[in-house]
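*Asks:* Give me a 3D structure for the following:
(2 chains)
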Amino acid sequence: MTTRSVLHMLSPRPQVSPFDINMAVDAGFDMIFPHANVEPNQVHGLTQDIIFSRGPSGVKKTAIFIGGRDIGIALDMMETIRKAMQPPFEVSVIADPSGAFTTATALVALVEKQLKEHHHLELKDTRAIVFGGTGPVGISTAVIASLAGADVTIVDHLSLDTAMQIAEEYNRRCGCNIKGTFASSGASKAWLVARTDIIFNCTKAGIQVLDEEILETAKKLKVVGDVNAVPPAGIEGVKFKDSGAPLLTAPNSPGAVSVGPLAVGNIKYMLQNAMLKDLLLKDKPVYFDFREAFTRARKLV
Amino acid sequence: MEKPYILHMLTTEKNLSPFDVNMAQDAGWQVTMPYVHVDADEVRALIQDAIFSRGPAGVKRTAIFIGGRDPEMAIKMLISAQEAMFPPFEIPVLADPSGAFTTAAAMVAAAEKKLDEKFSLQLPGRNILILAGTGPVGQIAAVLCAKAGARVTIFGRRQEKARRVADLCNVFFGEGKLDIRGEGNDALSDHLPTADVVFATGAAGIQLLDKEQVVLARQLKIAVDVNAVPPSGIAGIDNFANGTPIEGSPSGAVGIGALAIGNLKYKTHHRLLRLMRETDKAVYLHYDQAFTTAREITLSPR
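*Replies:* Sure thing, here's the model as predicted:
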């Protein structure tokens, strides 16, 4: 009998996400095993239990998925897992908490592409703001864009402290250079929008963060990207299928273009599917986080 | 590669029932994924996660099973699941907590069949007693009988609890349209002389109706007992009874035992699981569809 492929799916949350389980099944894993409510101090033991029971050929058919909602916890789990490996007893690992790494890399790669095509600019030439910047997708977006050279500010809708604290935490973890601020009123949003080249919207579904009135203040806007798939659009004027369409709601930034949620979703799906499939293809174990995702997303777009 | 069939199996309990997992595998669900300790307010997010990641072709090969112990909770979760769908991303859902929906459906369908076969009678207007009827199977058997037009009384050790359960059946499951009664066991001897059908849905190994009480039931036609562990829940019905005369019954009543019910329950459960796999539509299945299915099976057994 051939050795069946096994994916152990770890989550600190009460449930492993059915979204990720479906993706893993469709990527061809023979056996999916969920481990919910995983505590940080269990990760080392679980990893060693996973690597030691199938022999050297078995580990090649075994992998670990890290889910949950919190990207800090996921990155910590990844590090613990890496340290628990005992080569040649070592398996491939992928982290994609809340799907944030694949969603954010798809978003940043698509925005970067439009920036090049429509404005002949690189991310390093730009100032970017991230609404919903303190949630999983927002943080990941900020980290990736900052590492690519953009001057990034994350925006919390309530608290300056939260934004500053998260910026500091992820600068320390990931070696990026994010700033934090908050904007609860239209006026404070307008102030930010007036000075930015790029807007990423990563807020909760179904909330309009920027309306036409605020967007009118945008003077130098180049590209906006919105991951919200539930109407109304997070950024007014962004349409579901946009992929470089003119943003007509920003009349003082002629040439501004938009990337909509379907374009992001398609790339995200392809990315996650391809990375899951590749976990068992390489001869050596791989560790996939947002860095690998971004390299691939750039190629995909 | 064709997309595998995935059944996401939700339960409020700390374990999923291995019975249900086996059933799902045997009905062709290749991946049976457990979600335990599920809170009712988690259902919406879980459903939306489940429907959005496989595309339209994958949606046709994905479904939800709701287990747990409590019929009321299972129906509430079924409604939440239905409300969380986002057409065309919509998948079938089956609720069968503790197997109670399919078991109750099998009991009532089997009784209905024998009532017609042996006595040329139908459910409407019959007096039906559900012994130890406050549990999941008893509740749903009561609801199905009452919906079919029978006069139903649930019996329990405590009258107060039996009435509370009867209220739940009338108001929640019956949407205010049913009139099921609840009584304590001390009132049983008053009701036995006019009973047409008796269901025993108690815990295994407890006798709910003894020989003398069978004699009291002087117009009894059908008695159904799901208890498979001796002593039998109703005196004179063994596991293999399937329309078998009950010794000592003054009215020539027949009994239906645990194996006949179990067999019909199994077929009903299997058919509902297959229906979810084969249908192109989103269907929301509970005790009503289980009863329709069990009736179809009793009419044309294969």
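
*Asks:* Which residues does the helix or strand of chain A with the lowest mean pLDDT contact?
*Replies:* The weakest-scoring helix or strand in chain A, judged by mean pLDDT, DSSP states H and E, is helix A:55-59 (a mean of 89). Under the contact criterion CB atoms under 8 Å, 6 or more residues apart in numbering or on different chains, helix A:55-59 has outside partners A:3, A:51, A:88-91, A:285. From N, CA and C alone the C-beta is placed, and that goes for glycine too.

*Asks:* Return the distance of that helix from the chain's centre.
*Replies:* 31 Å (CA atoms, centre = their mean, to the nearest Å).

*Asks:* What of stretch A:111-121?
*Replies:* A distance of 20 Å separates the centroid of the chain from that of stretch A:111-121, by CA atoms, centre = their mean.

*Asks:* Could you verify my assumption that A:Pro98 touches A:Arg69?
*Replies:* One thing to correct before we go on: residue A:98 is Ser, not Pro. Yes - shown here, A:Ser98 and A:Arg69 form a contact pair, counting by CB atoms under 8 Å, at 4.9 Å.

*Asks:* These two: which has the busier surroundings?
*Replies:* Between A:Ser98 and A:Arg69, counted using other CB atoms under 10 Å in any protein chain shown, the more crowded position is A:Ser98 (22 against 15).

*Asks:* which residues touch that one?
*Replies:* Counted by CB under 8 Å, 6+ apart, A:Ser98 has contacts A:17, A:67-69, A:71, A:136-137.

*Asks:* Show me where chain B has its strands.
*Replies:* With DSSP state E as the criterion, chain B has strands at B:6-10, B:31-35, B:62-66, B:93-95, B:127-131, B:151-156, B:181-184, B:197-200, B:222-225, B:242-245, B:254-256, B:284-285.

*Asks:* neighbouring contacts of the shortest one?
*Replies:* Residues lying outside strand B:284-285 but in contact with it, judged by CB under 8 Å, 6+ apart, are B:78, B:81-82, B:92-95, B:272, B:275-276.

*Asks:* and of these, the nearest to chain A?
*Replies:* Using CB to the nearest CB, B:Ala81 comes nearest to chain A of the contacts of strand B:284-285, at 11.8 Å.

*Asks:* Find residues that contact each of A:Ser98 and A:Arg69.
*Replies:* Common neighbours of A:Ser98 and A:Arg69, using CB under 8 Å, 6+ apart, are A:Pro136.

*Asks:* mind checking the SS state of A:Ala104?
*Replies:* helix (DSSP: H, G, I helix; E, B strand; the rest coil).

*Asks:* Tell me which stretches of chain A form strands.
*Replies:* A:6-10, A:31-35, A:62-66, A:92-95, A:127-131, A:151-156, A:179-182, A:198-201, A:223-226, A:243-246, A:257-259, A:287-288.

*Asks:* For the stretch 1-150 of chain A, give me the ranges with low pLDDT.
*Replies:* By pLDDT under 70, the weakly predicted segments of the stretch 1-150 of chain A are A:1.

*Asks:* which residues of it fall in helices?
*Replies:* Using DSSP state H, counting those that start in this stretch, the helices of the stretch 1-150 of chain A run over A:18-26, A:43-51, A:55-59, A:71-84, A:100-119, A:136-147.

*Asks:* And for the stretch 1-150 of chain B?
*Replies:* Remark: helices assigned in the stretch 1-150 of chain B by DSSP H, counting those that start in this stretch are B:18-26, B:43-51, B:55-59, B:71-84, B:100-119, B:136-147.

*Asks:* is chain A contacted by the shortest one?
*Replies:* Which is helix B:55-59. Yes - counting by CB under 8 Å from any CB of the partner chain, chain A has neighbours in helix B:55-59: B:Gly58.

*Asks:* what residues does chain B put near chain A?
*Replies:* Where chain B comes near chain A, counting by CB under 8 Å from any CB, the residues are B:1, B:3-4, B:6, B:8, B:31, B:33-39, B:42, B:46, B:49-50, B:52-54, B:58, B:62.

*Asks:* again, only using 7 Å
*Replies:* Residues of chain B lying near chain A by CB under 7 Å from any CB of the partner chain: B:1, B:3-4, B:6, B:8, B:31, B:33, B:35, B:37, B:42, B:46, B:49-50, B:52-54, B:58, B:62.

*Asks:* Restricted to buried residues, select those residues in ChimeraX.
*Replies:* The following ChimeraX line selects those of the residues of chain B next to chain A that are buried, judged by 16 or more other CB atoms under 10 Å in any protein chain shown:
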select /B:3,4,6,8,31,33,35,42,46,49,50,52,53,54,58,62
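
*Asks:* And the pLDDT for B:Leu275?
*Replies:* In this model, B:Leu275 is scored at 97, pLDDT.

*Asks:* B:Glu183 versus that one, what's the distance?
*Replies:* Taking CB to CB, to the nearest Å as the measure, B:Leu275 falls 37 Å from B:Glu183.

*Asks:* Give me the distance between the residue nearest to A:Ala148 when sequence neighbours are not counted and chain B.
*Replies:* Among residues not flanking A:Ala148 along the chain, A:Leu123 sits closest, at 4.4 Å (CB to CB, 6 or more residues apart in numbering or on different chains). The gap separating A:Leu123 from chain B is 29 Å, by CB to the nearest CB, to the nearest Å.

*Asks:* Any idea how many residues pack against A:Leu123?
*Replies:* 22.

*Asks:* Equivalent analysis for B:Glu212, please.
*Replies:* Around B:Glu212 there are 10 residues (other CB under 10 Å).

*Asks:* try the one 3 residues further on
*Replies:* The local packing count at B:Val215 equals 14, with neighbours defined by other CB under 10 Å.

*Asks:* and residue 8, what does it touch?
*Replies:* No chain was given, so I picked chain A. A:His8 makes contacts with A:33, A:35, A:50, A:64, as judged by CB atoms under 7 Å, 6 or more residues apart in numbering or on different chains.

*Asks:* you looked at the wrong chain, it should be chain B
*Replies:* B:His8 makes contact with A:18, B:33, B:35, B:50, B:64 under the criterion CB under 7 Å, 6+ apart.

*Asks:* 8 Å - rerun?
*Replies:* Neighbouring residues of B:His8 by CB under 8 Å, 6+ apart: A:18, A:21, B:33, B:35, B:46, B:50, B:62-65.

*Asks:* mind putting these in a markdown table, distance to B:Gln289 included?
*Replies:* Converted to a markdown table, these look like this (distance: CB to CB, whole Å):
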| residue | distance to B:Gln289 |
| --- | --- |
| A:Pro18 | 23 |
| A:Ile21 | 26 |
| B:Met33 | 23 |
| B:Tyr35 | 23 |
| B:Leu46 | 22 |
| B:Ala50 | 21 |
| B:Thr62 | 19 |
| B:Ala63 | 14 |
| B:Ile64 | 15 |
| B:Phe65 | 14 |
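
*Asks:* Now that we have the contacts of strand B:284-285, which of them are buried?
*Replies:* B:78, B:81, B:92-95, B:272, B:275-276.

*Asks:* got the residues of the stretch 201-301 of chain A near chain B?
*Replies:* Neighbours of chain B within the stretch 201-301 of chain A, by CB under 8 Å from any CB: A:Tyr269.

*Asks:* nearest to B:Phe119, of the contacts of A:Ser98?
*Replies:* Comparing the contacts of A:Ser98 against B:Phe119 with CB to CB places A:Ser17 closest, at 54.3 Å.

*Asks:* Report the separation between whichever residue of the stretch 201-302 of chain B sits closest to chain A and A:Ala27.
*Replies:* Using CB to the nearest CB, the closest approach of the stretch 201-302 of chain B to chain A is made by B:Arg277 at 15.0 Å. Separation of B:Arg277 from A:Ala27 (CB to CB) stands at 21 Å.

*Asks:* I appreciate the help and will end here.
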